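**Q** here you go, sequence then predicted model.
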Amino acid sequence: MSRKNQTLGEFIIENQTSFKYTSGELSRLINSIRLAAKVVNHEVNKAGLVDILGAFGDTNIQGEDQQKLDVYANEKFIQTLTNRNIVCGIASEEEDHFITINSQDENNQNKYIVLIDPLDGSSNIDVNVSVGTIFSVYRRVTPLGTPVILEDFLQKGNQQVAAGYIIYGTSTMLVYTTGVGVNGFTLNPAIGAFYLSHPNMKFPEDGNIYSVNEGNYVHFPQGVKDYIKYCQMEEGNRPYTSRYIGSLVSDFHRNMIKGGIYIYPNTSKNPTGKLRLLYECNPMAFIAEQANGKASDGFTRILDIQPTELHQRVPFFCGSENMVGEAEEFMQKATI
């Protein structure tokens with residue numbers, strides 16, 4: 001039985017039999033992510049002391065300016081997963097194409113692929129605001145021992161075998177699921193170990209926080225505008241409280257603990273949305289559903305969307321089940 005103050009390593013060993021593909025590989029994979037997270041956390045915590053702040057001077061495949069810590073985190077996670085010979089392929093938000101691991105080794109029987117957003121919200125680093133890492137794990141669909149192909153990465157979110165995030169804030173936490181609930185582990189920096197601090201995390205069914213960048217209000221679809229007005233209306237337990245950090249991991253984490261909804265809709269400037277389906281929405285949706293929450297694009301369950309591109313973008317509504325349901329009702333009404 002899991003217990004508070006249990007180390008992440010102990011928890012993984014004790015609970016790996018509840019994972020239907022038990023073989024030890026997924027446990028080693030999570031342990032690798034844990035190691036990379038500690039390395040990145042150390043660098044994040046030095047951000048005001050060394051030359052790691054600011055822009056790197058390049059843009060990623062998304063057309064976004066890369067921060068120095070984006071590049072550093074990307075390198076560390078890829079390096080750790082590659083060196084430990086655990087996965088057969090990696091896709092990163094910071095890379096144009098997916099990475100094939102040991103494609104020339106006919107004896108390579110690694111079956112897992114990882115999709116990762118190495119440093120979500122990295123522009124917040126310069127102002128000392130929480131940032132995070134998001135990861136998603138799938139079993140490959142092509143034969144073992146062959147190079148991975150795009151098909152291995154373009155799987156629906158409901159095929160994920162694990163997903164999680166690391167939040168680098170006042171304390172550093174690793175939160176993850178393998179499809180049997182959500183558990184959170186807090187890093188003790190004195191000894192470098194993650195301890196179970198938030199067992200069996202759940203979204204409250206209802207909440208009173210809505211998280212959306214209202215500066216884009218004029219560009220929102222009518223359904224979102226109507227829902228925001230509803231949130232601000234004085235009736236029942238409303239008005240809701242507006243809280244928006246600008247880092248998906250931070251906003252999601254707060255809302256899961258306190259109850260709320262996170263919205264990043266499509267806009268007239270970004271008609272397909274801005275968040276990436278494979279690196280951000282799918283893993284967070286998997287976590288949300290395992291924590292009794294809900295995630296959709298305003299109309300469709302996120303985990304049922306068939307990806308068509310590696311860096312595909314979608315609108316994202318995620319959080320407490322009843323609040324997401326309300327937002328979907330406003331989206332539906334606005335299309336009638």
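**A** Yep, that arrived.

**Q** quick one: mean pLDDT over the host helix or strand of S136.
**A** Using DSSP states H and E, S136 falls within strand 131-139. Taken as a whole, strand 131-139 has a mean pLDDT of 95.

**Q** by contact count, what packs against it?
**A** On a contact count with 3 or more CB pairs under 8 Å, 6 or more residues apart in numbering; DSSP states H and E, strand 131-139 meets helix 25-44, helix 68-83, strand 112-120, strand 162-168, helix 248-258, helix 282-290. To be clear about C-beta, it is placed using only N, CA and C from the backbone, and glycine gets the same treatment.

**Q** now the angle from it to helix 68-83?
**A** Computed with axes from the mean of the first three to the mean of the last three CA atoms, to 10 degrees, the direction of strand 131-139 lies at 30 degrees from that of helix 68-83.

**Q** dump the helices and strands packed on strand 131-139 into a markdown table; add mean neighbour count as well.
**A** Shown next, in a markdown table, are the helices and strands packed on strand 131-139 (neighbours: other CB atoms under 10 Å):
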| stretch | mean neighbour count |
| --- | --- |
| helix 25-44 | 20 |
| helix 68-83 | 20 |
| strand 112-120 | 27 |
| strand 162-168 | 26 |
| helix 248-258 | 23 |
| helix 282-290 | 27 |
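
**Q** wait, which of these is closest to G181?
**A** helix 282-290 (5.9 Å; CB to CB).

**Q** hang on, the earlier thing: switch the helices and strands packed on strand 131-139 over to TSV; also include distance to G89 and mean pLDDT.
**A** Formatted as TSV, the helices and strands packed on strand 131-139 follow (distance: least, CB to CB, whole Å; pLDDT from 0 to 100):
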stretch	distance to G89	mean pLDDT
helix 25-44	12	87
helix 68-83	10	89
strand 112-120	4	94
strand 162-168	15	95
helix 248-258	24	97
helix 282-290	16	98
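
**Q** so which of the ones you listed is nearest T146?
**A** strand 112-120 (12.8 Å).

**Q** elements contacting the closest one?
**A** helix 25-44, helix 68-83, strand 87-92, strand 131-139, helix 150-153.

**Q** could the ones you listed go into a markdown table alongside distance to A163?
**A** Listed next are the helices and strands packed on strand 112-120 as a markdown table, based on distance: least, CB to CB, whole Å:
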| stretch | distance to A163 |
| --- | --- |
| helix 25-44 | 11 |
| helix 68-83 | 15 |
| strand 87-92 | 14 |
| strand 131-139 | 5 |
| helix 150-153 | 14 |
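
**Q** nearest to S320, out of those?
**A** Closest among the helices and strands packed on strand 112-120, using CB to CB: strand 131-139, at 19.9 Å.

**Q** how about exporting the closest one as PDB, limited to the C-alpha atoms?
**A** The C-alpha coordinates for strand 131-139 follow below in PDB (Å, rounded to 0.1, in the frame of the first residue of the first chain):
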ATOM      1  CA  VAL A 131       7.500  26.600 -14.800                       C
ATOM      2  CA  GLY A 132       7.200  22.900 -15.600                       C
ATOM      3  CA  THR A 133       7.900  19.900 -17.700                       C
ATOM      4  CA  ILE A 134       5.200  17.700 -19.300                       C
ATOM      5  CA  PHE A 135       5.700  14.200 -20.500                       C
ATOM      6  CA  SER A 136       3.600  11.500 -22.200                       C
ATOM      7  CA  VAL A 137       4.400   7.800 -22.800                       C
ATOM      8  CA  TYR A 138       3.000   5.300 -25.400                       C
ATOM      9  CA  ARG A 139       3.800   1.800 -26.500                       C
END
